[in-house]
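Chemist: heads up, no residue letters with this:
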């Protein structure tokens with residue numbers, strides 16, 4: 001990949017199986033590396049140019065796939081004692097770059113719709129949504145040039 005990944009981040013190439021009547025896009029199997037349990041799955045739509053974030057989870061592991069459009073993910077590690085503390089990672093995921101992004105607990109994330117038209121992500125979360133286990137900050141709280 002070339003870029004050093006923040007500790008705990010995984011990028012998993014996903015299979016696309018071409019079919020005469022339509023293609024199949026894999027997302028996640030419980031036998032895949034990074035599977036830590038299933039809590040819920042949801043889709044999030046991101047309008048082109050719109051930025052959502054910053055957010056970090058204290059218990060939830062995110063498994064993000066972009067089946068529609070293109071989304072730029074920006075991650076920031078401020079975890080005390082992490083070997084990658086202070087590091088940023090950037091990824092653009094789409095059908096042309098079809099991967100699963102696994103984000104561990106404690107890593108800040110923001111994302112932006114960068115495709116034309118609809119941009120959608122699928123999160124296969126390790127636990128059900130719990131507003132008590134996440135923290136939000138305004139975009140200007142973490143230094144990043146959007």
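Modeler: Great, that's in hand. Since we're looking at a predicted model, the values are computed, not measured.
Chemist: tell me the pLDDT at residue 33?
Modeler: Turning to residue 33, the model gives it a pLDDT of 82.
Chemist: nearest the geometric middle of the protein, what residue?
Modeler: For the chain, the residue nearest the mean C-alpha position is residue 64 (4.1 Å; C-alpha atoms, centre = their mean).
Chemist: pretty sure that residue sits against residue 99.
Modeler: No. Counting by C-beta atoms under 8 Å, residue 64 does not reach residue 99; the two are 9.1 Å apart. Placement of C-beta: from N, CA and C, glycine included.
Chemist: what's the nearest residue to residue 108 if we skip its chain neighbours?
Modeler: Spatially, and ignoring its direct neighbours in sequence, residue 108 is nearest to residue 76 (4.2 Å; C-beta to C-beta, 6 or more residues apart in numbering).
Chemist: please enumerate the strands of the chain.
Modeler: According to DSSP state E, the chain carries its strands in the segments 10-13, 16-17, 24-25, 40-45, 51-57, 62-68, 70-77, 88-94, 99-103, 107-113, 120-125, 134-136.
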